[in-house]
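Q: sequence plus the predicted model coming up.
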Amino acid sequence: MLDDFANQFLPSTVGGLVNGSIYALIALGYTMVYGVLRLINFAHSEIFMIGTFASLTVLLAIAPSAPFTGIALVGVLVLLIVVSAVVSGASAVVLEAVAYRPLRKRGATRLAALISAIGASLFLQELFALVVIDWLIDKPGRNQASAPRFVARDTVFEVGNVAVRLDQVIVVVAAVVVMVALDRLVNKTRIGRGIRATAQDPEAAVLMGVSIDNIVRVTFMLGGAMAGVAGALYVMEIENTGYMIGFVLGIKAFTAAVLGGIGNLRGALMGGVVLGLIENWGAIFLGSQWKDVIAFTVLVVVLMFRPTGILGESLQKARA
Amino acid sequence: MKGDEVTREQTPAKPRGLRAVGHGIDVARDWWEHAKIWQRYLVYIALVVGALILPAPAIGTFMSPGSDWTTVLVYPIGTYILLAVGLNVVVGQAGLLDLGFVAFFAIGGYSVAYYGTQYGWTYWATVAFGIILAAVSGVILGAPTLRLRGDYLAIVTLGFGEIVRITANNTDEIGGARGITGIPHPPPVFGMKFVLDPAPYYYLIVAAIVLVIIFSVRLQKSRVGRAWAAIREDEDAAELMGVPTFKFKLLAFAIGAMIGGLAGGIYAGKAVFIEPNTFPFILSATILAAVVLGGSGNLPGVILGAFLIGWLPERFREFADFRILVFGGVLVLMMALRPEGLLPSRRRKAELHEGTGGMGTMGAEVPGPDADVSTTEAAK
Amino acid sequence: MSGARLGRVLALAAASSLALAACAGGGGDSGGGDAATVKIGFMGDLTGENSAIVIPPYNGAKMAIDEYNATNPKVKIDLIKYDSQGKSDQATSLITKAIGSDKIVALIGPAFSGESKAIGGTLEESKIPNISPSATNSGLASNGWKYWHRVVANDNDQGPDVADFLVKAKAPKKAFVLSDDQEYSVGLAEAVAKKFTEKGVQVETDKFSKDASDYSSTVTKVKSANPDVIFFGGYYAQGGRLLKQLRDNDVKTLFASGDGSLDAQLVSGAGEQAAEGAVIACPCNIPSAEATGESKKFFDNYKKSAGSDPAIYSTEGYDAATAFIKAVQDGKTTSEDINNFLTSVSFTGISKPIKFKANGEPENNSIFVYQVKGGVLKLLGPSADAKLEG
């Protein structure tokens, strides 16, 4: 047992970091929307799914015959990330306008919004299962679609005896870069101040001249864009997508957001990485089938001792 | 069921739009509030008789042309109603958000399957044990987590549902992914044999629904129900007024779990075979959607919601693939048009307008120029 | 509403409720339709997630019945499809409808084992003979069902046969047996692991959730165990991703899998390079364009009628339908007669010689081995005498 652990610890850690980065990127969307609206945006997982399809479409159009290197690689990578971020961000804005704004205007409960979100989630999943996949890869039925390889699986460096591959490095680096940029945006810019103000006290924010509708729209857009980036990285790493992939990743990412302290950007990063690592480490002892159980058990235990997550809800006042 | 009665009242008003429907409901309610005891009992009897007529083939050919109507009435419709009434105790009455309700359904089902096949217990003993087991797990889940609020509770319950399903899937002792086959049917009751004909199961489930409704209504009108309403409206105030909120929340969880366990037991007795995939997360979401769509906290509404959500996908079987898509769209649309549900209780409606009621409105709820609410959320 | 009127309405309602409720469950058994046509059902996952495994047998069955009806027989056959999406609860309500109001006399399917478990009892009680073209769970035959049959070998044939084949081909010292957490996957993986252990091969295992997409922890385990052969029990969707991630992490060990992975999507999912050389066992016999004789004829006709090459279980679907057609040709048009006929039916099917044992299992339970060559699944032959290439 301990022998296994010694052998598998380092490679598991690498895998866990890569997964954790993707969890963290998706978790940002949950956390931002929650911070501003106190709403679990249950359809966020489908925004991520849409991001993977955006990248897939671009990749199928480029149809690389061999992995890219150098400038071409950076160019394609940036293109994918930007396209996915834009498509996902726009989808999130549409989602907000269709599924949440009407409810918000009527003062509906968050419970009603949750049901609306579940409805939107089902709608989007089925739309992709029945229409989009068929159109993209010309195969009817609930198929998954494979993406061509454009990043070589070359070893960049070794830790101990573990080879760390180029694609893994790209995922982690890209995730960190994007998250730092988001953190700057929220903490240093005017619009970021608006978001924080709304999260803290919507009424006061309105009195100070903040347009709530704009802030909500921007929040959804930013969260969606993060999910889009995650989608692009996911397509690069797993080279495969399907209409169902959002569900499990969405739940994990939401768990990560709560684990870190929902409403807290840095908490989302931390929660994602912690979740990715603990899952993979736990799987060494218990077997990979228990990963999800490990994740949820850790969540319950953490919440028992720290009811607002590891880092707490720092972007807003603690709720009474 | 109760939902049917009100639907019948509202039918003529339909062409005049949703407001007219609302008016029809109001008229029906006013009548109901002033109705004499004997009138009420007549309505009860009419509803039960209506429920018993429901499986008639003449109705079935319209209601579900694509599959057997009586079977559809047992599952999904009857089972959904039972589950929705159970979840309504947690969500509608106590105002706690539970996204893992299917776990209790699974525990009830597995209890019947496991103790029936491995130890040869009689059916009713396994059902009773399943109900107890569900209640105990409700308490086990609730004890550490009910101190959490709102959305934390939601994710923890969701996690609990998944933990139960995955554990069942990976535990060979209870069949693992293979599930359990050859679950015994219930023994005969009043000469009704429970074999493959779905009709006796339907009568059984109607009986269970009636019992659970009576139980639920009695609870709502008791001290417990008032305590739940207080917790739902303002937990801190309730605590200050001397309501032991934690105990009552735990009780709501346990009672909801018991009803879920009962539904699981009845389902397993009919199904012969259960496997972990019978209990996916989406079922929790569906039942929650039924409760909210119908009108959280109002039993006739909840029953109507569960009926519609169980029935519509069966009715529109010919759209095969597209029915889930449409179902999703309809949920979004309904929530935009009637966020308080089809038949909200008056009290809940008032609470929702005041922005109280446990789940609160969305945070950035500030009236814009076109908003028709004049208050913002006060209870944060 | 006045009291008196309400009373009358109620009395009427009560009376009619009793009358209607009485006939609600019964359904009545007014014979099996008129004699000029008989109805046979096909049940399986036609639009759901694993429909790729069920549409080919449906096409095969439909082709057999269309061919039969085109000969202008005395009694025509009407094939009715029931889309259970592979879900037990849908299968339950569909079968009640199929027997109760559609009055089918026989059923091809259910396609999967889970739904077979759920409705086998109903079929038995209603005496509806059924032949599954693709349900391979080994336990199905031990329920004592007299009306249940299948034309494929079960997982307890497939698992040991593929293990034997791998032992013979690779003489492994250590095998790693993987599966996802679905019913079929776990059963097949266990059968394979058992046989390996009997043969003195050291076995390690891991299992993952079917919804997971990242298998890094599984790959890590495999890599640290360094086995001589890897067997995966499961479907192509997971198999393709797993194979790709194994190869990306420099695990070059021979990869073998079972019938659930026998689909072109395994190759497209893993990538042609990663999939090259993978071995896949299947109780199914899929004719290719190079086939000869009856198989070639089947290949051409199938391509014409279904618009695609024959795929997994298409011949088995054809053979299951043919068994019923033979019964109808012999003048058997009631469920009971058809079932009696099946006990003695014996003919050369496209997939294999068709003859049933008393418990409904096929007499012939050969397993065929396929290998990915240049991105295509190539039939190597029956597992007893197939030779690995490369």
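A: Yes, it's here.
Q: where does the prediction get shaky in the chain?
A: Let's take chain A. A:1, A:138-141, A:313-320 (pLDDT under 70).
Q: that's the wrong chain, I wanted chain B
A: Under the criterion pLDDT under 70, the flagged ranges of chain B are B:1-22, B:318, B:320, B:348-349, B:351-380.
Q: on the three-state scheme, the nearest residue to C:Pro283 once chain neighbours are set aside is what?
A: Excluding its sequence neighbours, the residue lying closest to C:Pro283 (CB to CB, 6 or more residues apart in numbering or on different chains) is C:Ala153, at 3.7 Å. (C-beta placed from N, C-alpha, C; glycine too.) Of the three states, C:Ala153 takes coil under DSSP: H, G, I helix; E, B strand; the rest coil.
Q: check the burial of C:Ala153 by counting its neighbours.
A: By other CB atoms under 10 Å in any protein chain shown, the residues close to C:Ala153 number 23.
Q: for the closest residue to chain C within chain B, the count of nearby residues, please.
A: In chain B, the residue that lies nearest chain C is B:Ala199 (2.6 Å; CB to the nearest CB). Residues near B:Ala199, counting by other CB under 10 Å, number 21.
Q: how's chain B carved up into domains?
A: Chain B resolves into domains spanning B:1-35, B:74-354 when parsed by automatic domain parsing.
Q: looking at chain A, which residue is nearest chain C?
A: Counting by CB to the nearest CB, chain A gets nearest chain C through A:Gly15, at 2.7 Å.
Q: touching, the residue nearest to C:Pro283 and C:Asn365? I think so.
A: Yes - the criterion here is CB atoms under 8 Å, and C:Ala153 meets it with C:Asn365 at 3.6 Å.
Q: need the residues touching each of the two.
A: Here C:Ala153 and C:Asn365 have C:Pro283 as joint contacts, going by CB atoms under 8 Å, 6 or more residues apart in numbering or on different chains.
Q: one step back: which SS class is the residue of chain B closest to chain C?
A: helix.
Q: my read: the residue of chain A closest to chain C touches C:Thr218, true?
A: No - look at A:Gly15 against C:Thr218 with CB under 8 Å: they stay out of range, at 9.7 Å.
Q: excluding chain neighbours, what is closest to residue 205?
A: In the absence of a named chain, chain A is used. A:Ala197 (4.2 Å).
Q: try again with chain B
A: Excluding the flanking residues, the one nearest B:Ile205 by CB to CB, 6+ apart is B:Gly78, at 3.8 Å.
Q: buried residues in the strand or helix carrying the residue nearest to A:Ala205?
A: Take DSSP states H and E as the rule and A:Ala197 turns out to sit in helix A:190-200. Across helix A:190-200, burial judged by 16 or more other CB atoms under 10 Å in any protein chain shown covers A:Gly192, A:Gly194, A:Ile195, A:Arg196, A:Ala197, A:Thr198, A:Ala199.
Q: same check, this time on stretch A:27-42
A: Buried positions in stretch A:27-42, judged by neighbour count with 16+ other CB under 10 Å: A:27-42.
Q: narrow the residues you listed to those in helices?
A: Counting by DSSP state H, those place A:Ala27, A:Leu28, A:Gly29, A:Tyr30, A:Thr31, A:Met32, A:Val33, A:Tyr34, A:Gly35, A:Val36, A:Leu37 in helices.
Q: in a markdown table, list the residues you listed along with distance to chain B.
A: Below are these laid out as a markdown table (distance: CB to the nearest CB, whole Å):
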| residue | distance to chain B |
| --- | --- |
| A:Ala27 | 12 |
| A:Leu28 | 16 |
| A:Gly29 | 15 |
| A:Tyr30 | 10 |
| A:Thr31 | 11 |
| A:Met32 | 12 |
| A:Val33 | 10 |
| A:Tyr34 | 7 |
| A:Gly35 | 8 |
| A:Val36 | 6 |
| A:Leu37 | 5 |
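Q: let's have these in TSV, adding distance to B:Gly176.
A: TSV is the format used below for those (distance: CB to CB, whole Å):
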residue	distance to B:Gly176
A:Ala27	32
A:Leu28	37
A:Gly29	35
A:Tyr30	33
A:Thr31	36
A:Met32	40
A:Val33	38
A:Tyr34	36
A:Gly35	41
A:Val36	44
A:Leu37	41
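Q: looking at those residues, which is nearest C:Asp214?
A: Among these, A:Ala27 lies closest to C:Asp214 (CB to CB), at 16.0 Å.
Q: thinking again about what came up before, and the residue nearest to A:Ala205, what does it touch?
A: A:Ala204, A:Ala205, A:Met208, A:Val210.
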